[in-house]
Each structure stands twice: as C-alpha cells, then as structure tokens.
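A.B. asks: What follows is a predicted structure for the sequence shown.
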Protein chains: 4
Amino acid sequence: MYKWLGWKNELSYLHEKTIMKKILILSVLCSILVSMKPVAKKHIVFFGDSITQAGVGPKGYITVLGDILKEKNLQEQYQLTGAGIGGNKVYDLYLRMEDDVLAKDPQVVVIWVGVNDVWHKRSYGTGTDADKFEKFYNAIIKKFKSKNIEVLLCTPAAIGEKTDFSNELDGDLNKYAQIIRNIATNNNCPLIDLRKEFLAYNLANNPKNLDRGILTTDGVHLNDAGNKLVAEAMMKALIR
Amino acid sequence: MYKWLGWKNELSYLHEKTIMKKILILSVLCSILVSMKPVAKKHIVFFGDSITQAGVGPKGYITVLGDILKEKNLQEQYQLTGAGIGGNKVYDLYLRMEDDVLAKDPQVVVIWVGVNDVWHKRSYGTGTDADKFEKFYNAIIKKFKSKNIEVLLCTPAAIGEKTDFSNELDGDLNKYAQIIRNIATNNNCPLIDLRKEFLAYNLANNPKNLDRGILTTDGVHLNDAGNKLVAEAMMKALIR
Amino acid sequence: MYKWLGWKNELSYLHEKTIMKKILILSVLCSILVSMKPVAKKHIVFFGDSITQAGVGPKGYITVLGDILKEKNLQEQYQLTGAGIGGNKVYDLYLRMEDDVLAKDPQVVVIWVGVNDVWHKRSYGTGTDADKFEKFYNAIIKKFKSKNIEVLLCTPAAIGEKTDFSNELDGDLNKYAQIIRNIATNNNCPLIDLRKEFLAYNLANNPKNLDRGILTTDGVHLNDAGNKLVAEAMMKALIR
Amino acid sequence: MYKWLGWKNELSYLHEKTIMKKILILSVLCSILVSMKPVAKKHIVFFGDSITQAGVGPKGYITVLGDILKEKNLQEQYQLTGAGIGGNKVYDLYLRMEDDVLAKDPQVVVIWVGVNDVWHKRSYGTGTDADKFEKFYNAIIKKFKSKNIEVLLCTPAAIGEKTDFSNELDGDLNKYAQIIRNIATNNNCPLIDLRKEFLAYNLANNPKNLDRGILTTDGVHLNDAGNKLVAEAMMKALIR
C-alpha cells in the first residue's frame, strides 16, 4: 500500500512537475505577451501652438523625438501625439483641453504656450494679461492633474534670437517665462526651460547677434537645429 | 338626552364655528404673511465691469432702478445685486461667474460687458479676439441656463459719444455689439440694446457732436442722464 | 549816287519786305510749334502709399486716368507721375517730399495718405497721433505751396468695405478723414473725398455688407472697379 | 621847410605814439571787460520729454546740475535751459527744434529722448518706427550742427528698473538705445549712456529686482537718487 501510495505519489509528483512546467512556460509566454501589449505604451500629448503644430511634420521636434526613441529601442513604450494649433494662446488651450487632450486619454501632457500671448499684444492688440495668463494656465494644470495626468511645462523659447535682449518683445517674453517657472514650482510640475536653453545655445553659436537662423527660421519657428535641441530637451525631461 | 345632545350639538356647533372663524382669520393672516415673505423676491444680479461697479453707487443705474421700483410699489418683489468689477472683460466674467453670480442664487442675470474687450486692444494690447469673445460669452450663458437662470444681454453703450462714428473705437465697438446681438438671438436671450439707445439719444441731444458729457462723464462711464436712461431701459426689459 | 542809292534803297526795301515776310511765316510756324511743344504739359505727381504705388500698374488708377485722358484727346496736355511707396504714413511723405516730388518739378500734387497712419496703430503700434498727423500734413502743403504747386487732398477710402461702420478701424479712419477735410478747407485745397465716394458706392453695390471685393481686393487695395472709381474722381477734380 | 616838416613829423610822431598808447590801454581794458562779460557764458539747452520737463523743478536734474556748478564755482560760465515737454517723441523734438532750441541760441544741446517712442507703441499705438526714429534724430543733429552747436546724446534710461530684462518693454528699449549709440558714433557726438548707468546702479542697489523706487518713482521719472545720478553723468560729459 505504501508502494502503491508511493507510486501514486510518484505519479502525482510527476504530474505536478508537468503542470508546474506548463505553468512556467505559460507565465513566460504571458510575460512576453504582456511586454508586447500596446496598452503598456505611455501616451504623451504635446499641447501647444504653431510650433507644436509643425512638430509632427517630417522634421518636426515630435518626429525627431520619435526617431530618438527608435534609436534607443524605446519606441514600443511611448505613443507621441501632437495637439498644436497655430496662433493659440493660453485660453485657446483652455477652451479645447477636453476635446484635444482629455479625449485622447494621455498619461503625460507637455504644455508649450506663451509666444502668442505676448506677440498678439503687438500684432492684434489681443495678447493675454499676465494675471489672466496665470489663471488660465493654472486651470489647465488643475484639470489635467484631476485626471491623474502628469503635466510638464515649457517656457516660450524665443521671439527673435539676438542675445543682448534687444529683440523687441524680449522684456515681456522674459516676464511670461518667469510666470511659467513660478507656476511649475507651485504645481510641482517638471519644467523644460527652453528659453534658457535657446539663450545658452545662441550665446555659444550666434556671434553676430542675428535675430534668426540659428535655432529658428523666423525668430520663432524651429529650423532643424531648433527641432533637434527641443527634442533632446524633451527627451531628458520625459524619459528618466 | 336629546336636548342634552342638542345642547351638546349646539355647543359643539358653536365651538366649530369658533374654530372655523379662527381658521379663517388665521388663513387670512397667513396669506398676508405669505404675500410679505421675502422668499417671493425675484433676485436679479447685474454682472459686468466698472460701469456696473459704479451702478450700486448713490446715483448709479442699479440704485436708480431700485428707486423706480419703489415708486411703482414693486420694491418687495425684486432684489437687485451688483456684481461689477472695473476693467473686466468677458473672460474675467467667465472666471468669476461661480463665485460672484451662481453663489448668490439669482433668478435673473443681466450681463453687460464688451467695452474693455475692445478698449484694452488700444490701451494694453490685451483686448479680446472676436471669436474668443463669442466663445466665452456663450460659455457663460450656457452655465447660467443650466441652472435655470434667465439671462439678459446688453450691448456696450459707448466709447465716446460722437454721433458720426468718428469716435476712435467705434468700428470695433459696433462689431462687438453686433456679435452680442447675434448671441442673444441664437440663445433666445432678451437684449437690452444700449448702444442703439445711446446713439438715438445722442442724435437727439448732442447737436455739437461732443465726445462726452451727454450720457457719460468721460465717454464711457455714466453721468446722471446716462444712469437714468440705462435704469429705464433695464426696467422695460426686466419688469414685463 | 542818289539813283544808285535809290535803287539800292529800293532793292533793300524789297529785300526787307522779303525778310519781314519770312519772319512772319517763321513766327507763325514757331507759334504753332510752341503750341505743340511738350513743355506745355501740366505735370501732376500722385504722392502716397501702397495704393498709389500700385496706381502705375497696368490696371492702376493712374494708368486708368491716363487712358481717360487719351479718350478725351487730352494726353498731350498732362504728364502723370506716380510717387507712392508701400507702408507710407504722413511723415514718410514729409521726409521724401524734396526728393520724390519737388525734384520732379510738378505743377500739381495729389496727396493721398492716411490708411497706414491709422492701420499701423493696430499692426505695429506705430500709427500717427492725430495732432502730429495734422502738423506734418500742413508742413507738406506749406512746402508745396511755397513752390507755387497746386495741391489736391484725398481722404483715405477704406479699411474694410462694410457699410454699417463695423469695420474694426472705421472710427479712427472717419476721424482722420475729417482731419483731412478740415486741412483742405483751411488751406483752400480742392478735396477728393474718396471715403465719402467709397461709402456711397458700397451702400448702392454691397447689399451683403461684405468687407472686401466691391472696390477693393482686401478691404484696402483697389480692384478694377476701385481703380475706375478713383480715376474718375481724380479726373473730375483735376481736369476742370 | 624841411625842419618845419621835421617838426611837424616829430609832432605827428609823438601824437601817434600817444594814440598807440591809448589804444593799447583801451584794448587791455577791453579784453578784461570781455573776459568778465556775461556773454561768455556757455548756453546749454536740455531738449527732451517729461523727464527733462521735470528737470527744472526744485529737485530736478538740471537744477541739481546747476547746484554742482555753484559748488565748483563755475556758475558764471554756464547757462542751463530746460526744453522738455511731456509725452514728446523724436518727431515732436523735430517739429519744435527751431522755436524751442535754435531761437535760444545755445552753444550746446543735450538731446534725451526715446522713452515715449517705445512706450506709446503700447499705450496709444503711436510709437515711432525704428527707421523713422533714426531719420528724425539724424535730421535734428544735422540742423544743430549746421548752426555750429555741439550736440550730446543720451540713451533712454528705463521703463521699469528690474535688472533681469523682464520689464515689459526692455527689448524694444534696448533696441532704441542701441540705435542712439550708433547715431552718436556716426555723428561724432558725445554719448551719455544713461541706460547703461541705470542698469549698473540697479545691479548694485536693487537686490529685490523691484521695478521702481531705486532711481525712479514710477519706473520712468526720476526720484532724488535718479536726478543726482543723471546730473553727475551730464556733468562729466559737459564740463571737461
């Protein structure tokens, strides 16, 4: 009986071993499958103005960022979506944040706005008051955070690339960049300080104090070097 | 026993009569009390800029409207509340509509905004784009209507009283007045067309084509005649 | 000797008669030639902004005016010269009046300026103060009159063709048009009131209240109908 | 006859000697008188805007400069005249240079203008185009130099005293300051670089990065420290 039992036990033991093996194989397969699932991709939406609208173009900064992810073999882990519209100011973002960002269900949003809030004061008389800029910006962040979305902020890079602060709108742009830095601090949001990085790059690479052509085509919109600088700065902030 | 009963009945009859009388008296008293109840007052909030902020002053249009109601012995039926803040544009109203209007639980809101949306283009470079003006205005109306609040709209009256459309900002002010007229039509909101009424009054009373001093002190803010005209125009629209 | 002399005298007499005849014929011929001389042409310079710069184009108002003169067989009596530069305001005209007008030695100058003095307030923040507009305008007229040049003034026609004064800059444009009307009166200069004529034409031909496409391509610059209207208005004022 | 002649000659000789002596004495006296004459005062006119208009006030920079001259016992050598009018831009100076400067027959003119050329872009839409700023500025200098007047130029000091170039109009003010520096170089005019001196002073004395209260009352107009700094900077440039 013991033997029998023993045999039975042995049989059962063998059987268990087989089951265990199968489970092991299955779980390995599962983990492989899981690691391949598209669900796992982190969805990043880039929310901004014409600079971001151009970001999804063939040489745009979002495209370049995608290329960097491929080089690092990280392309399966991230989904990048552009949500830029030309001429947008902070309250344009506020008015379309539900449709153009929340409806896409992202885990991360990169907000890059401010150039038109300053520029439109001069060109149309419809720039944004500094205090209202802050209020609408905070309202956007509050909304995204309430949906557990991680929010990263960017300072406006440039309206003119001259390095001695003699671009016409430098004073106001510095002021609004500082407002964004303070908003980032107050809301514990990572900051991508593009204004600071553009100035540093120009101080090193713009000895003739030109107002365009170093990182931009027209003082505002990115050329290839600009798209590369922005993509790399975003990479550092996003992929840690 | 019958007699007794009869008497008892008589007594009871008398008693019932007394009770009935008391009830009658009581119900009359009640109905009087009810008619005196403050609960019945219709609460009207005036939502606007510096012109409305001044409206609650000793000679302001809201005060004058209250005086007219008293003359007509209607003061018990209406509660008037000013919610004007100097320099406000449409999105300032949007940002404070919860705290300054909804929190006061009104049955009616009179919105009077637009002068600064045009004026600040010139004075600060921070006026409101026409399309954004419409979007925020519609968002305010939608919010109020969702709370079953009746909404009345006013056109901006004047930035300068000259009658030949040579006040500097007349073109833009006409444009924004027309936007408000269209919003009123689209939302089935009663319109108080103050711009039209101011022009008609000036055509009759401003033969020297002065830019101020007829209905305003400075081309924008109301003098006594202006407060009277506005109060009467509001009276006509509110008390029908 | 006397006879000889007599004969000689007779001969000389005959000779003198012949000479006199020849002189007579010659002087008649001369006077005919003189009356045909191009020197007699009245030189008219059109002094203005981009509208006048386009005026010398194949379909421009100055070209059309030249065609009308040909039709009337008056082309030999007038020389038409365009002196328009895009973006010019009144003090641009002031700064180049010596080089671009006086150096061409005209008998007549038609000044047409004002659109940019108003428009640049919005687009660049560099429009012209009303009082300075008047001072520089008067200085130009004074200079031309000191050289015995006849000066004709035009009001700015339009920035937007809507007829209900809801074009954004209508108020300010009406104001500057009125300043020019007053300058014309004060300086005894003929006035070509293009603003008035454009409005009259649009009231008759723009039933949909469009902001462009009736007399202009973009609200400011002339289409074929606009060039025709301006040429005819100038014709009436110049050729009396 | 010879003797007579000789005597006569001698007499005449003596006479001539006496006359010569008298002339000598007279001319010495004259030269003394001349050296004492008030005509010898160097007349300096300060030509500018509201800052210069306030300069002749009890604590204004021109008054302070006069006090410094007295301390140095130089008051008899200089006559200081203020010619500042509030709100003036470069072409206001141009329009009144004959009446307000040349009519006063100065040896030296200090031109200090530029704040309103930048500021009025924002506040009235009537700032000065950069290229026109340069043209009118050069025209003023040319006129003064043609009358053998020495011309000194000042850069606009500040619109806001923050030291990190985040005052709203810093970019444009830096641009116009640089235009003036170039004009000074091109015309061989001494430069009083008040913008540079104000920034240096603020970097040392404005640790909280305030926008007013260090050298100005309101970011533009001088307080006591500002008047002192400007007077001393002018002293250095004027009295060499």
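C.D. replies: Perfect, thanks for sending it. All figures in this text were calculated on a predicted structure; none of them were measured in a lab. Residues are numbered from 1 along each chain as shown, chains lettered A, B, ... in the order given.
A.B. asks: For the rest of this, base every contact and every neighbour count on C-alpha atoms.
C.D. replies: Will do.
A.B. asks: near chain C, which residues of chain A?
C.D. replies: A:R122, A:S123, A:Y124, A:G125 (CA under 8 Å from any CA of the partner chain).
A.B. asks: Just among the residues you listed, which is most surrounded?
C.D. replies: Each of those was scored for neighbours by other CA atoms under 10 Å in any protein chain shown, and A:G125 scores highest at 29 neighbours.
A.B. asks: That one contacts B:V118, correct?
C.D. replies: No - counting by CA atoms under 8 Å, A:G125 does not reach B:V118; the two are 9.1 Å apart.
A.B. asks: quick one on the thing from earlier: which of the residues of chain A next to chain C lies closest to D:N187?
C.D. replies: A:R122 (32.1 Å; CA to CA).
A.B. asks: residue contacts, that closest one?
C.D. replies: By CA atoms under 8 Å, 6 or more residues apart in numbering or on different chains, the contact set of A:R122 is B:G125, C:R122, C:S123, C:Y124, C:G125, D:R122.
A.B. asks: Tabulate the residues of chain A next to chain C in CSV, adding columns for pLDDT and secondary structure.
C.D. replies: Rendered in CSV, the data for these read as follows (pLDDT from 0 to 100; DSSP: H, G, I helix; E, B strand; the rest coil):
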residue, pLDDT, secondary structure
A:R122, 94, helix
A:S123, 93, helix
A:Y124, 96, coil
A:G125, 96, coil
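A.B. asks: of all those, which comes closest to chain C?
C.D. replies: A:S123 (4.9 Å; CA to the nearest CA).
A.B. asks: Check the contact between the closest one and C:H120; I expect there is one.
C.D. replies: No - using CA under 8 Å as the test, A:S123 is too far from C:H120 to be in contact (9.5 Å).
A.B. asks: and whatever helix or strand A:D92 lives in, what's its mean pLDDT?
C.D. replies: Element membership of A:D92 [criterion: DSSP states H and E] is helix A:90-100. On average, the pLDDT along helix A:90-100 is 97.
A.B. asks: How far off centre is it?
C.D. replies: In terms of CA atoms, centre = their mean, to the nearest Å, the centre of helix A:90-100 is found 16 Å from the chain centre.
A.B. asks: Over to stretch A:78-86?
C.D. replies: On CA atoms, centre = their mean, the centre of stretch A:78-86 falls 9 Å from the chain's centre.
A.B. asks: Do any residues in it lie close to chain B?
C.D. replies: No - Stretch A:78-86 lies apart from chain B when judged by CA under 8 Å from any CA; the minimum separation is 14.6 Å.
A.B. asks: And that stretch, what's buried?
C.D. replies: Neighbour-count burial for stretch A:78-86 flags A:Y78, A:Q79, A:L80, A:T81, A:G82, A:A83, A:G84, A:I85 (criterion: 16 or more other CA atoms under 10 Å in any protein chain shown).
A.B. asks: Show residues contacting that stretch.
C.D. replies: Under CA under 8 Å, 6+ apart, the answer for stretch A:78-86 is A:41-56, A:62, A:66, A:100-101.
A.B. asks: Show me these that map onto strands.
C.D. replies: A:K42, A:H43, A:I44, A:V45, A:F46, A:F47, A:G48 (DSSP state E).
A.B. asks: where do the helices sit along chain A?
C.D. replies: A:2-36, A:50-53, A:61-71, A:90-100, A:115-123, A:130-146, A:170-186, A:194-205, A:224-238 (DSSP state H).
A.B. asks: Can you tell me which of those helices is most buried?
C.D. replies: helix A:115-123 (a mean of 24; mean count of other CA atoms under 10 Å in any protein chain shown).
A.B. asks: what inclination does it have with respect to helix A:170-186?
C.D. replies: Using axes from the mean of the first three to the mean of the last three CA atoms, to 10 degrees, the direction of helix A:115-123 lies 150 degrees away from that of helix A:170-186.
A.B. asks: Compute the inter-axis angle for helix A:115-123 and helix A:130-146.
C.D. replies: Using the same axes, to 10 degrees: helix A:115-123 against helix A:130-146 is 160 degrees.
A.B. asks: Run through chain A and note the low-pLDDT ranges.
C.D. replies: In the predicted model, chain A carries pLDDT under 70 at residues A:1-20, A:22-39.
A.B. asks: Grab the nearest non-local neighbour of A:Q77.
C.D. replies: Residue nearest to A:Q77 in three dimensions, not counting chain neighbours: A:K41, with 4.5 Å by CA to CA, 6 or more residues apart in numbering or on different chains.
A.B. asks: got the contact list for the one you found?
C.D. replies: So A:K41 contacts A:E76, A:Q77, A:Y78, A:Q79 (CA under 8 Å, 6+ apart).
A.B. asks: Who is the third one paired with across the strands?
C.D. replies: When bridges are called by DSSP bridges, A:Y78 pairs up with A:K42.
A.B. asks: On the strand side of things, show who the most centrally placed residue in chain A bridges to.
C.D. replies: Per CA atoms, centre = their mean, the C-alpha nearest to the average position across chain A is that of A:V110, at 3.8 Å. Judged by DSSP bridges, the bridge partners of A:V110 are A:F46, A:L152.
A.B. asks: Can you name the residues that contact it?
C.D. replies: Counting by CA under 8 Å, 6+ apart, the residues that A:V110 touches are A:I44, A:V45, A:F46, A:F47, A:V151, A:L152, A:L153, A:C154.
A.B. asks: Against A:E232, how distant is the closest residue to the first one other than its chain neighbours?
C.D. replies: Leaving aside its sequence neighbours, A:I44 sits nearest to A:V108 (CA to CA, 6+ apart; 4.7 Å). Per CA to CA, to the nearest Å, A:V108 is found 17 Å from A:E232.
A.B. asks: follow-up on the earlier one: can I get the helix holding A:D92 in CSV, CA atoms only?
C.D. replies: Extracted in CSV, the C-alpha atoms of helix A:90-100 (Å, rounded to 0.1, in the frame of the first residue of the first chain):
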residue,chain,number,x,y,z
VAL,A,90,-3.3,80.0,-23.1
TYR,A,91,-7.1,80.4,-23.2
ASP,A,92,-7.3,78.7,-26.6
LEU,A,93,-5.7,75.7,-24.9
TYR,A,94,-8.2,76.1,-22.0
LEU,A,95,-11.1,76.1,-24.4
ARG,A,96,-10.0,72.9,-26.3
MET,A,97,-8.4,70.9,-23.5
GLU,A,98,-11.3,68.5,-23.2
ASP,A,99,-11.6,67.7,-26.9
ASP,A,100,-8.0,67.8,-27.9
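A.B. asks: what do A:G125 and B:V118 both touch?
C.D. replies: With CA under 8 Å, 6+ apart, A:G125 and B:V118 have common neighbours B:G127.
A.B. asks: who in chain A is up against chain D?
C.D. replies: Counting by CA under 8 Å from any CA, the residues of chain A that sit close to chain D are A:R122, A:F165, A:S166, A:N167, A:E168, A:L169, A:D170, A:G171, A:D172, A:L173, A:N174, A:K175.
A.B. asks: with those residues in mind, which one is nearest to C:P190?
C.D. replies: A:R122 (37.2 Å).
A.B. asks: what's the burial count for A:A103?
C.D. replies: Counted with other CA under 10 Å, A:A103 comes out at 9.
A.B. asks: cool, A:H43 as well?
C.D. replies: So A:H43, with other CA under 10 Å, has 17 neighbours.
A.B. asks: Pretty sure it sits against A:Q107.
C.D. replies: Yes - judged on CA under 8 Å, A:H43 makes contact with A:Q107 at a distance of 5.4 Å.
A.B. asks: The residue nearest to A:E232 when sequence neighbours are not counted: what's it in contact with?
C.D. replies: In space, and not counting its chain neighbours, A:E232 is closest to A:L65: 7.1 Å by CA to CA, 6+ apart. Counting by CA under 8 Å, 6+ apart, A:L65 touches A:A231, A:E232, A:M234, A:M235.
A.B. asks: Next one: the residue lying closest to the third one once chain neighbours are set aside from chain D, what distance?
C.D. replies: Put plainly, it is A:M234. Nearest non-adjacent residue to A:M234, counting by CA to CA, 6+ apart: A:I192, 6.9 Å away. Computed as CA to the nearest CA, to the nearest Å, the A:I192 to chain D distance reads 19 Å.
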